[in-house]
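Peer 1: Build me a model:
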Amino acid sequence: MKEKAPSKTRELPNRFFPLVILGLSILIYLPSIKHGFVWDDWSIIFEQTRKLSGVSIYKPTSIYYRPVTTLTFILDQMLWKASPLGYHLTNILLNALNTWILFLLIKSILVIKIKEKTASLCAMMAAVLFATYPIHVESVSWIAGRTDLVATLFILLTFFSYHLYRVTREPKGLVPTLIFFLMALGSKETGVMVLPLILLWEIFVAPSLYGNREKKAVFITLFMGAGLLLYMASRLPGIESYTGGTMTISPPILLKALGFYIRYLLLPFPILSYIPNIPRGTWYLTSGTLALLIPFAGTVLMPRLAWWVRGMLFSYLMSVLAILPSLALIVLGIGATPLALRYLYLPSAFFCLGIAFALAPIAETKGVPTLAMGAGTALLIFALAPLTLDAQTVWRDELTFWQEAVKLAPNRAIPHNQYGLALASKGKIKQAQVEFEKALRAPDIQAYPWEKSKIYTNLGRAYLQLEKPRLALKALDSALKLDPGAKSPYCVKARAYLTIYKTQKDKRLVYEAYHCLKNCISRNPTPGDILLTARLALYLKNKKDAQKLIKILVERFPESKEARQFMGPGSPKHP
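Peer 2: Below you'll find the model as predicted:
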């Protein structure tokens, strides 16, 4: 008897699942494409692009060594120059790619145990959750948050390729696994999560999923561990250059931080763009402690657990382990804030995998129609999409971001200083002055004289723009007292002297400005500063110095508009 052909109307939705997921992932973040550079976006992009001209992309020179992520910034800079649109577009596409790969990974895992249609529905719901998760906004809408996107991409690809190897049993399938692992390491330090991922997958899930445990798993992990050691050896120069120090952090504080992250995985609201402190309260301490105890209880009961429960336990364990590197940042004292929601991007991928495992037996139950699964997916979109869209507005530009940060951290120096810079860039100098003064009074800045020096310099620049050069000089002297090796105070101080000279016509002020500019350009010269120094040298009848400065300008900055006026036939010899 001829079998009945499968209904095309039933197969059609499965074909469209990947398109729906990609479309949703892109559409929900389209508002971010119009956003500008925020926080240290531009400085990071400029720094990464600068590395293209040297060997520092291959040789680490700081504690942050992420050559794969660096290459994405370099490519963006080549394509988009200084336009933020292209950088945001790359972030959006990377997030969409991660969502699509997560869908395919979950489907290929579940289809071993349940029907393909049911596996597709479970994978669809998990991917929709990942696409609309509000805690992803910081990673996607903030250009500098790309490190989490790229690292997650290669960790998922490593996991997927290893899973395919276990299904096919083809040894050559391990080649892409190792390649993706190395790419993950080169994207961010969280790439080390691949090692526990493979071991825990073999312990908790593989026996019930594939029917056997991979005997070579330990050797595979050891081989990857050897690659990790080589990677860490290459990182030594950057680690040795780290000038920070570890902080005395008690275990309860770390447990509270872990509890905070677990809470946001479960209840992703309200979205905080700037988190200045580790939250207090026994609730966070309790949830952080339970987060560590649950896996032990699950491990004891594991032989009696169903395959999907084992999958949930594995996913939970990986979610917790993926959070741990962010806790190390608290101990090392790295980062402007102790907590950030962008660190939940990778853990949330494992969390969504756990949701898919939990949905599998429900979806297989008789009487649970496809319509119910579809309704659940639609409910996720309607519940979470508005939160995700609203959270993106904070990252629109410097002004909106730091305005929100000041509300969240009114007693912190960094938000007030950065908000002041954002106001100054919009011409709101008086308001900027107020913010700089608030930053100087903040209790957290008193222990960091070099940072306080920068704020005094910003205040001096604001005073100068408000035509208060003497107050500017006072602020700049404070900056130099705190950090004598700083360059910027000298540059601004020179202009303050010249502003006073306009009304007093005292030649000694020009001498002071000239010597300040010489200090300024001896550290990190710019074409404008060199040209101004040359003009002052000529005014002070020091033609020899003026000619030397013009030579330096032409040789070091031949493409600058300041240098071009002294190049070619008929160009002047003096400024």
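Peer 1: Name the residues that touch stretch 198-215?
Peer 2: If you take CB atoms under 8 Å, 6 or more residues apart in numbering as the criterion, stretch 198-215 is touched by 109, 112-113, 159, 162, 166-167, 217-218, 220-221, 224, 302, 306-307, 310-311, 313-314, 317-318. Backbone N, C-alpha and C define where each C-beta goes, glycine included.
Peer 1: what's the answer for stretch 519-538, then?
Peer 2: 485, 487-488, 490-491, 494, 510, 513-514, 517-518, 543, 545-546, 549-550, 552-553, 556-557, 560-563, 574-575.
Peer 1: Compute the first-to-last residue distance for it.
Peer 2: 17 Å (CA to CA, to the nearest Å).
Peer 1: quick one: buried residues of that stretch?
Peer 2: Residues 519-521, 525-527, 529-538 are the ones in stretch 519-538 that count as buried (16 or more other CB atoms under 10 Å).
Peer 1: Over to stretch 496-513?
Peer 2: Neighbour-count burial for stretch 496-513 flags 496, 497, 498, 499, 500, 501, 509, 510, 512, 513 (criterion: 16+ other CB under 10 Å).
Peer 1: Nearest to residue 295 among those?
Peer 2: Nearest to residue 295 out of these is residue 496 (CB to CB; 61.1 Å).
Peer 1: so the closest one touches residue 460, yeah?
Peer 2: Yes: at 7.2 Å, residue 496 and residue 460 qualify as touching, with contact defined as CB atoms under 8 Å.
Peer 1: any shared contact partners between the two?
Peer 2: Common neighbours of residue 496 and residue 460 (CB under 8 Å, 6+ apart) are 472, 473, 476.
Peer 1: Name the spans of this structure whose pLDDT lies under the cut-off.
Peer 2: Within the chain, the stretches with pLDDT under 70 are 1-14, 47-64, 213-219, 222-223, 226-249, 298, 300-303, 367-369, 567-575.
Peer 1: what about 80?
Peer 2: Along the chain, segments meeting pLDDT under 80 span 1-15, 43-65, 212-250, 295-304, 332-336, 365-371, 447, 523-524, 563-575.
Peer 1: So which residues of it form strands?
Peer 2: In the chain, no segments count as strands under DSSP state E.
Peer 1: So it: which segments form each domain?
Peer 2: Domain assignment of the chain by automatic domain parsing yields the ranges 8-395, 398-564.
Peer 1: what's the straight distance from one end of the shortest one to the other?
Peer 2: Criterion CA to CA; first-to-last residue distance in domain 398-564 is 33 Å.
Peer 1: for stretch 435-455, same thing?
Peer 2: End-to-end for stretch 435-455, by CA to CA: 10 Å.
Peer 1: What residues of stretch 462-480 count as buried?
Peer 2: Going by neighbour count (16+ other CB under 10 Å), the buried part of stretch 462-480 is 462-464, 468-469, 471-473, 475-476, 478-480.
Peer 1: ok, back up a step: which ones among the contacts of stretch 519-538 map onto helices?
Peer 2: Here DSSP state H is the test, and those give 488, 490-491, 494, 510, 513-514, 517-518, 543, 545-546, 549-550, 552-553, 556, 561-563 as lying in helices.
Peer 1: Please list only the buried members of those residues.
Peer 2: Buried, going by 16+ other CB under 10 Å: 488, 490-491, 494, 510, 513-514, 517-518, 545-546, 549-550, 552-553, 562-563, out of those.
Peer 1: follow-up on the earlier one: what's the farthest-apart pair in the buried residues of stretch 462-480?
Peer 2: 468 and 480 (18.2 Å).
Peer 1: what's the spacing between the closest residue to residue 86 other than its chain neighbours and residue 72?
Peer 2: Nearest non-adjacent residue to residue 86, counting by CB to CB, 6 or more residues apart in numbering: residue 80, 2.9 Å away. Distance, residue 80 to residue 72, using CB to CB, to the nearest Å: 12 Å.
Peer 1: So which of those two has more stuff around it?
Peer 2: Set residue 80 next to residue 72 and count neighbours by other CB atoms under 10 Å: residue 72 wins out with 20 against 16.
Peer 1: was I right about the more buried one contacting residue 91?
Peer 2: No: using CB under 8 Å, residue 72 is not in contact with residue 91; the gap is 9.4 Å.
Peer 1: can you list residues touching both of those two?
Peer 2: Going by CB under 8 Å, 6+ apart, residues that sit against residue 72 and also against residue 91 are residue 146.
Peer 1: ok, back up a step: go ahead and build a ChimeraX selection from the buried members of the contacts of stretch 198-215.
Peer 2: Of the contacts of stretch 198-215, the buried ones go into a single ChimeraX selection, burial set by 16+ other CB under 10 Å:
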select :109,113,159,162,166,217,220,221,224,307,310,311,313,314,317,318
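Peer 1: Report the central residue of this protein.
Peer 2: Residue closest to the average C-alpha location in the chain (CA atoms, centre = their mean): residue 145, at 2.3 Å.
Peer 1: how far away is it from residue 313?
Peer 2: Residue 145 is 29 Å from residue 313, by CB to CB.
Peer 1: returning to what we had before: enumerate every residue touching the residue nearest to the centre of the chain.
Peer 2: Contacts of residue 145 by CB under 8 Å, 6+ apart are 91, 138, 139, 342, 345.
Peer 1: what sits against the fourth one?
Peer 2: If a contact means CB under 8 Å, 6+ apart, then residue 342 has 138, 139, 142, 145, 148 as its contacts.
Peer 1: so what's the backbone phi/psi at residue 334?
Peer 2: With angles defined as degrees, to the nearest 10, residue 334 sits at phi -90, psi 140.
Peer 1: which stretches of the stretch 101-250 of the chain form helices?
Peer 2: Taking DSSP state H, counting those that start in this stretch, the helices of the stretch 101-250 of the chain run over residues 116-132, 137-141, 146-168, 174-185, 194-200, 206-210, 217-240.
Peer 1: now those in TSV, with distance to residue 362?
Peer 2: TSV is the format used below for the helices of the stretch 101-250 of the chain (distance: least, CB to CB, whole Å):
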stretch	distance to residue 362
helix 116-132	9
helix 137-141	29
helix 146-168	23
helix 174-185	32
helix 194-200	24
helix 206-210	18
helix 217-240	30
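Peer 1: Between these, which one is closest to residue 454.
Peer 2: Among the helices of the stretch 101-250 of the chain, helix 217-240 comes nearest to residue 454, with 23.6 Å by CB to CB.
Peer 1: re earlier: ok, the contacts of residue 342 vs residue 189, which is closest?
Peer 2: Nearest to residue 189 among the contacts of residue 342, counting by CB to CB, is residue 148 at 11.1 Å.
Peer 1: residue contacts, the nearest residue to that closest one once chain neighbours are set aside?
Peer 2: Nearest residue to residue 148 in three dimensions, chain neighbours excluded: residue 345, at 4.1 Å (CB to CB, 6+ apart). Contacts for residue 345 were tallied using CB under 8 Å, 6+ apart; they are 135, 136, 139, 145, 148, 149, 152.
Peer 1: any idea how far residue 544 is from residue 345?
Peer 2: 58 Å.
Peer 1: just residue 470 next, same as before
Peer 2: In this view, residue 470 and residue 544 are 33 Å apart by CB to CB.
Peer 1: Ok, residue 361 next?
Peer 2: From residue 361 across to residue 544, the span is 86 Å (CB to CB).
Peer 1: cool, and residue 123?
Peer 2: 74 Å.
Peer 1: out of the two, which sits in the busier spot?
Peer 2: residue 123 (28 against 8).
Peer 1: about what we covered before: from the buried residues of stretch 462-480, which ones fall inside helices?
Peer 2: Among the buried residues of stretch 462-480, the ones falling in helices (DSSP H) are 462, 463, 464, 469, 471, 472, 473, 475, 476, 478, 479, 480.
Peer 1: Wait, the last one touches residue 454, no?
Peer 2: Meaning residue 480. No: counting by CB under 8 Å, residue 480 does not reach residue 454; the two are 11.7 Å apart.
Peer 1: Between those two, which contacts overlap?
Peer 2: Common neighbours of residue 480 and residue 454 (CB under 8 Å, 6+ apart) are residue 486.
Peer 1: Okay, buried residues for stretch 260-278 please.
Peer 2: Within stretch 260-278, the residues scored as buried using 16+ other CB under 10 Å are 260-265, 268, 271-276, 278.
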